[in-house]
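Participant: Let me see the structure of the following:
(one chain, ligands or ions: 1)
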Amino acid sequence: MKKNAVIIFSGGVDSTTLLYDSMRKGYEVECLTFMYGQKHGREVDSACRIADGVNVPLKVMDLSPLGEILSGSALTDANIDIPEVPETAEHYETLKTTIVPNRNAIFLSIAVGRAVSIGSDNVFFGAHNSDRGVYPDCREEFVESFQTSERLATANPGLNILAPFVFMEKADIVRLGAGLGVPFGETWSCYKGGSAHCGACSSCRERKRAFIGAGVPDPTGYER
Ligand SMILES: [Zn+2]
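Facilitator: Model prediction:
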């Protein structure tokens, strides 16, 4: 059987490293990038450029109206500011405003549908351990349980939802990506959609810290 896979691809550090890692492992991959009503489309531009750079097909799924029904998240709701606090345990309650309800289950469900359509048993997902505290749909137990559900939903016991970074910290991913030649300067992490990374939102802070932790030069031009 063909070794192919669908990747949930945001154009960020984690999913870009996952893309490069899966290609190195010999997978023929296809990227799915989601517009889910987020406040900016900057990450979609990055995703398209990166996929183009390695000649991997990418489909942009425009689910923008989701933003209207999944309100209450700082990432989709114009009335809620993007928090500018460190991504540490004492700020978890504030950081939870960046949760988009059930987002990864929605993305994975669509990715599984696509995988079945192209005759693939594999969906890759870039969840990692640094997200575990705030985002319940990035946890290993969710991935495992969702895989069980989707095996039943597709009547395919061989279906895999693969989250190879689920026990890794973001710094480990940066280290891995550096070894794979990931174009980090092309990736986008900022929750705001400015012309440069803001440097203050939790996602920018996590990105900065990961490069420092990995001992890898950070090519990102932060505003502050
Ligand atoms: Zn930012």
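
Participant: The longest strand anywhere in the chain pairs with which strands?
Facilitator: Ranked by residue count and defined by DSSP state E, the top strand of the chain is strand 28-35. Strand 28-35 has its sheet partners listed here by DSSP bridges as strand 4-8 (parallel), strand 58-62 (parallel).

Participant: Please identify the most buried of those.
Facilitator: strand 4-8 (a mean of 24; mean count of other CB atoms under 10 Å). For every residue, glycine as well, the C-beta is placed using N, CA and C.

Participant: okay, now Asp218: neighbour count?
Facilitator: Residues lying near Asp218 (other CB atoms under 10 Å) number 17.

Participant: Now name the helix or strand holding the closest residue to it other than its chain neighbours.
Facilitator: Ranked by CB to CB, 6 or more residues apart in numbering and with sequence neighbours excluded, the top spatial neighbour of Asp218 is Phe211, at 3.7 Å. Secondary-structure assignment from DSSP states H and E places Phe211 in helix 202-214.

Participant: From the contact counts, what lies against that helix?
Facilitator: Counting contacts by 3 or more CB pairs under 8 Å, 6 or more residues apart in numbering; DSSP states H and E, helix 202-214 is packed against helix 170-180.

Participant: can you give me how far the helix it packs on is from the chain middle?
Facilitator: 15 Å (CA atoms, centre = their mean, to the nearest Å).

Participant: what's that helix packed up against?
Facilitator: Applying 3+ CB pairs under 8 Å, 6+ apart, we find helix 170-180 packed against helix 13-24, helix 202-214.

Participant: any idea which of those helices is most buried?
Facilitator: It is helix 13-24: most buried of the helices and strands packed on helix 170-180 by mean count of other CB under 10 Å, with a mean of 23.

Participant: Now do the helices in this protein.
Facilitator: Applying DSSP state H to the chain gives helices spanning 13-24, 42-53, 66-69, 92-95, 103-117, 140-154, 170-180, 202-214.

Participant: any idea how far the fifth one is from the chain center?
Facilitator: So the one you mean is helix 103-117. In terms of CA atoms, centre = their mean, the centre of helix 103-117 is found 14 Å from the chain centre.

Participant: Buried residues in that helix, which are they?
Facilitator: Residues of helix 103-117 classed as buried under the neighbour-count rule (16 or more other CB atoms under 10 Å) are Arg103, Asn104, Ile106, Phe107, Leu108, Ile110, Ala111, Val112, Ala115, Val116.

Participant: Can you give me the neighbour number for the closest residue to Ala47 other than its chain neighbours?
Facilitator: Computed as CB to CB, 6+ apart, the closest residue to Ala47 that is not its neighbour in sequence is Gly11, at 3.2 Å. Applying other CB under 10 Å, we find 24 residues neighbouring Gly11.

Participant: Next, the contact list for Gly11, please.
Facilitator: Thr33, Glu43, Val44, Asp45, Ser46, Ala47, Cys48, Arg49, Ile50, Glu186, Thr187, Trp188 (CB atoms under 8 Å, 6 or more residues apart in numbering).

Participant: Include pLDDT and distance to Pro83 when you put those into JSON lines, please.
Facilitator: Below are the contacts of Gly11 laid out as JSON lines (pLDDT from 0 to 100; distance: CB to CB, whole Å):
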{"residue": "Thr33", "pLDDT": "98", "distance to Pro83": "24"}
{"residue": "Glu43", "pLDDT": "94", "distance to Pro83": "18"}
{"residue": "Val44", "pLDDT": "96", "distance to Pro83": "22"}
{"residue": "Asp45", "pLDDT": "96", "distance to Pro83": "24"}
{"residue": "Ser46", "pLDDT": "97", "distance to Pro83": "22"}
{"residue": "Ala47", "pLDDT": "98", "distance to Pro83": "24"}
{"residue": "Cys48", "pLDDT": "98", "distance to Pro83": "28"}
{"residue": "Arg49", "pLDDT": "98", "distance to Pro83": "28"}
{"residue": "Ile50", "pLDDT": "98", "distance to Pro83": "27"}
{"residue": "Glu186", "pLDDT": "97", "distance to Pro83": "26"}
{"residue": "Thr187", "pLDDT": "98", "distance to Pro83": "21"}
{"residue": "Trp188", "pLDDT": "97", "distance to Pro83": "18"}
